[in-house]
Structures are given as structure tokens and as C-alpha cells.
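K.L.:
sequence and predicted structure below; questions after.
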Amino acid sequence: MPAKAKLVTRTSTSSSVSSDNLAKGTELTFAELDGNLINLRDQTIGIVGDDSSGIDVQSGETIKIAGGTNITTAVTGDTVTITNSFNTGDITFSGNTISTGSSNANLELAAAGTGQINLLENTDVTGNLETSGYLANPTIRIEQNQIKTTQSNADLELDTSGTGRIKFNSNLAATTIQSSVGEPATLLKILDVDTDASAGPIFELFRSSTSGSDADLIGQIKFRGLSNGGNEREYVNITGKIVDARNGLEDSALLFNLFNNGSDTHVATLGHENLELLNGVGLTTNGTISTDGVSIVDNEITASRSNDNLNLTASGTGLIQLGAGTDGTSAGSHNVGTLQIHEASTSGSTRLFANGRTLEVALTGDTSSSNARYRIQDTISLDMAGFDSTSGGTTKGAQMQHLVELKNSASGNSQLASSSGQATGLFITAGGSGDLTLTDFYSIRSFGLASGSVAGTTTVTDYYHFYSDAFNTGSSGNVTVSNEYAFYDNGNKLSRFGAVILANQSGDPSGVTDSSHIYAKDDGGSSEVHVRDEAGNVTKISPHNEQGEWEFYSKNTRTGKTVRINMEKAIKVLEKISGETLIEQE
């Protein structure tokens, strides 16, 4: 047992104690004082362990607190810290830490029977926490690969603190959000409750590669479903693409793929310049398609800007084709292309122009090249392909028609005067101050041309540069035509022809005021050329009779006399009389 120090004291001489008066009583003798000092020196301190064994420590000695198995000690200032750490098997207890000594082994906590392992409120877990059962608090239960709320009809919310975000890291290879049968169709709803004008909520797909490259696909949304055979199909996918990854010059595109006839098909690309529809995909709308220059409403295309042209331009040698979608393989008439310029109505005093094709050319220098040709050309390209087409009549076969359709749809009478079925000519408009000289202009020029190398033999019979049919009045009997002209020169100008073939008339033509006639008619079985003046006098100017002799023929309507003189015989008589040779044979 430890020895206590016995001290000799005196009775207090005063009840008040201060820094100057300790109420020590009377003075001690030297022997008593020495005894007190010796007793203080020899006193001990007892220290007893858990096993009830103890030691006495004398004054002036050092007390050493030694560690042992799984126990360490430390002294800091006036503080002694004793840390215990012990293990049982592979489990080590050190302070408030429990750990396992087996490499990469799990630390498992197991309750007995139906007991549970309860983690107190605000328990922090660093690292992984695994259970073969489930983790639960009063409202959330985590079991196997499911997180559930245990409150009836309550939402399951994932929330962060402050500006933190909910992130799914790269170890999350795939995530499935699945609804049960009969539940609402909305499986994922992203809600932003901000009231400002900034964008939100934001759904972001970020491809965090070391460096972006051209043609990188940087995100994709897939729409999958089953076929009627139970096979899973990716019916639709939308993919982001880097077109140009150069810093400061970045371009991108959005790719759209659909299933088409059982195959994944790239149908559209939305680029930085345009929307490209691919693989036969068209554009259909029951509304309006509008651009800066063009508006398309129903079946009407209109230039958007005021007084702007509407231009249709093909690429390279391509053509602008107008078609009604009929190939004409069946019998009958088929309209395979119509270009109609339509105005709903107009007053009689309104001048309407349907100005068609215009080729605008501005020369940049003088030229005498044979390639200096500026023309608009309409062509019917007919490939006979080894077959015959023998329909008769001048309105059949290949032909270019320019018609004025004239009708009166009202019950009242109408009159159209001074109209031209087709007008072609020269139109000189105002230009600069320079002179303009035009040489050899042909208002109408007809030609035939064999172009390229023709392997077979081509035979052309009866090629007419101008052919006039008689007016077909139809079968109604209500159409009357007076003074039908095949050619009419209203300006009384000179006309120049090559050899002219005059077909036989059935008789002398009727008189026309201020006009004469040149024509052919049969005379004794031979076609002869005649002239008829306004008065009706007829003279044959191809003077040969049935014997082939030269004769003079004239019919005078004033005198009623018809004169026929055999000029060859008359000249021969004159030669005999004069002795001169007047008829020279060649």
C-alpha cells in the first residue's frame, strides 16, 4: 500500500486566513519540522492495474506508462494518451476504426437471427459499403440493384448539396429506367424551377476524349422497340457529329437514321449550312415552307422578296423537267408536263404579260467566233428505238405547238379583235448612249440539221419549212372562217423566195380588193401558172399548149374575150417575112 506523509500541525490561532495570516497556529519545533519534511520525502503513490496488482511510486521517481500488445502510449505537454488496438483473426480494432488485415477482403458485419445492423444517424461511410441483404432507413431501402422508397406513393428524389450535381460516372455502362405495366408513360422528367430567362432544364451529352477530331460521333439518342417477330430493333437514332474540329473554326452536324424497309438508313443531315435529305427521302408538309427568297404554300411557289425573280436552275448539264407523272404506256392522251402562267381575272383595260424564258447575256468583248450563239431552245427528243410511228396527218407525230386557247364561257356574246396566235420578232430596248447596228436578222428561221455521226441511212421525204393547214371548223357547224390566208404581208414589203411550187387550184380565185393573184391551175392536162388582176383578167404566164408550143393566153373580163395565140407559129411567120432568125434554139 502506498505510504502517506504524516505531518505535525498546531491548532489554528485565528479564524481568518489571508495571504499574510495562514492561521498556522504556534510555531513547530525543529524536530517536528524535520519529521514533516522526512515524511513528505518518503510518501509514495500507489498504482493498481485491472488485475488488482499494484506498485508504490516514491516521490522523485518517474512513472512510465508502457504500451503492450495492441496498446500504444504518447505524452503531449501535460497529457498522456493511451491508444488501444487489438485484433481477432483478420479484424483489427484501433481507436474508432475497425479494419480487416486480409488483402482486398471485405469487412463484413453480420447480425444474429432476424437482427439488423443499425448505423446511427449522421454515420459517414468512406469507401464501399456492401450487404447481402439490404440497407434501409425509415424512408429509403437499398436492396441488391434497386433503390426504393418505403413511403407509400412517395417520389424517389436524388438531391445534392449547394451547387453540387448528380453525376453518373464512366463505370455506369448502361442505365435502364423501367416502368411497370399500367404505369404512366412518362418515365423520366427533368424539372427546372428557375423563373429567369436562362435555358433550363439542360440535358447534356459530353464526350470527354483527349482531343476532338473531324468525323467524331459525339453523342447519340436511340429509339428501340420490337418487331412483330419479337426481335429488338433500333428504329430511330439521332447522332451528333464533329464536321470540323479545328479550334475557332468548329463545324458540326446532326445525323438522323430511320429504319427503311428493314434496314438502318441515313435519311437526313442537319448541317451548319443546310438540311440534306438523303436516300430518297422527300419533304411533305400541309403548311408553308418559307426561306428568305421563296415561299411554298400548297401547290404554289412564290418569291418572298418584293419584285424578286423566281429562278429555277439546274446543275451542270442537268435539265429542269416538268412532269405530271404519267409515262404514256397506255393508249390515249396523256399530259406529261404542263407549265401554266395563271392570272385569276382581269379587267379589259389591263395589259398582262406572262414573260417567259429570258436568256440574259452581257458581252465582255468583240467576237467573230462561230460559237457566238445566244439562243433559247425547245427540243422534243424522240428516240424511235427501232420502232415505227406512222400516224397520218400534219397534226400527228413529233411537233411543237404554240396555241392560243380562245373560248367564251358566258352566255353573252364576245369579240376579240386583232389577235396574233404567235408573235416573233425583234424587240429593241433602251440601253446606253452607244450606237447599235443589226445585220441580217431573221424573225423566223427554219432549218434542218443532221448532228453527229449517223450510223444508219436516214431518209427525209417532203420536208416543209412552212406548212399551212386549212382551218378545221369541226363538226358543230357553228364556226365560219372568212379570208383565210396561209401567208399575209401586212406591210407590203418585198418578199424573197427560192423556187416556189404552186399547187393547182380548182379554178380562178375570187377577187380581193387592191390585190392580184399568182396561181397554178390545170390547162389541157398540164399545170400552168396564171396571174389574175383585181378586175378579174387572167393571163397564163407559163405559155405552153398541149403540144408543148409557146402560146399566149389571156381572158379579158371587160370584153368577155379569151385570146390564145400560138407564139411559136406567129414568130416563125414573122421570121419568113423579115428574113431574121428570132427563135434561137439552145
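P.N.:
Great, that's in hand. Numbering: from 1, shown residues only.
K.L.:
can you report phi and psi for residue 36?
P.N.:
For residue 36, the backbone dihedrals (degrees, to the nearest 10) come out as phi -60, psi -40.
K.L.:
which helix or which strand is home to the residue lying closest to it once chain neighbours are set aside?
P.N.:
Leaving aside its sequence neighbours, residue 36 sits nearest to residue 7 (CB to CB, 6 or more residues apart in numbering; 4.6 Å). Placement of C-beta: from N, CA and C, glycine included. In the assignment (DSSP states H and E), residue 7 maps to no helix and no strand.
K.L.:
let me see the contact set for residue 7.
P.N.:
The contact partners of residue 7, by CB atoms under 8 Å, 6 or more residues apart in numbering, come to 36, 39, 40.
K.L.:
following element in sequence after the helix or strand harbouring the last one, please.
P.N.:
What that stands for is residue 40. Element membership for residue 40 (DSSP H and E) is helix 30-42. Per DSSP H and E, the first helix or strand lying C-terminal to helix 30-42 is strand 44-48.
K.L.:
parallel or antiparallel, which strands does that next one pair with?
P.N.:
Note on strand 44-48: by DSSP bridges, its sheet partners are strand 54-58 (antiparallel).
K.L.:
next, the angle from the strand it pairs with to helix 30-42.
P.N.:
When axes from the mean of the first three to the mean of the last three CA atoms, to 10 degrees is applied, the directions of strand 54-58 and helix 30-42 differ by 130 degrees.
K.L.:
buried ones in the lowest-mean-pLDDT helix or strand in the chain?
P.N.:
For the chain, using mean pLDDT, DSSP states H and E, the weakest element among its helices and strands is strand 134-136, scoring a mean of 72. Using 16 or more other CB atoms under 10 Å as the test for burial, strand 134-136 gives no buried residues.
K.L.:
show me what the next helix or strand after that strand is packed against.
P.N.:
Scanning forward in sequence from strand 134-136 by DSSP H and E, the next helix or strand is strand 140-143. Judged by 3 or more CB pairs under 8 Å, 6 or more residues apart in numbering; DSSP states H and E, the packing partners of strand 140-143 are strand 134-136, strand 146-149.
K.L.:
sheet-wise, list the partners of strand 140-143 with their directions.
P.N.:
Partners of strand 140-143 in the sheet, by DSSP bridges, are strand 134-136 (antiparallel), strand 146-149 (antiparallel).
K.L.:
any chance of those strands in TSV, plus distance to residue 446?
P.N.:
As requested, the strands paired with strand 140-143 are exported to TSV (distance: least, CB to CB, whole Å):
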stretch	distance to residue 446
strand 134-136	98
strand 146-149	89
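K.L.:
hmm, back to that, what subset of the contacts of residue 7 is buried?
P.N.:
Taking 16+ other CB under 10 Å as the criterion, what is buried in these is residue 36.
K.L.:
dump the residue contacts of the closest residue to residue 151 other than its chain neighbours.
P.N.:
Leaving aside its sequence neighbours, residue 151 sits nearest to residue 139 (CB to CB, 6+ apart; 5.3 Å). Listed by CB under 8 Å, 6+ apart, the contact set of residue 139 reads 149, 150, 151, 154.
K.L.:
what about the third one, neighbour count?
P.N.:
Under the neighbour criterion other CB atoms under 10 Å, residue 151 is assigned a count of 11.
K.L.:
and if you look at the first one?
P.N.:
Per other CB under 10 Å, the neighbour tally for residue 149 reads 13.
K.L.:
is it true that it touches residue 156?
P.N.:
Yes. Residue 149 is within contact range of residue 156, at 4.7 Å (criterion: CB atoms under 8 Å).
K.L.:
which neighbours do the two share?
P.N.:
Counting by CB under 8 Å, 6+ apart, the residues touching both residue 149 and residue 156 are residue 140.
K.L.:
would you turn the contacts of residue 139 into TSV with pLDDT?
P.N.:
Below are these laid out as TSV (pLDDT from 0 to 100):
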residue	pLDDT
149	84
150	83
151	84
154	81
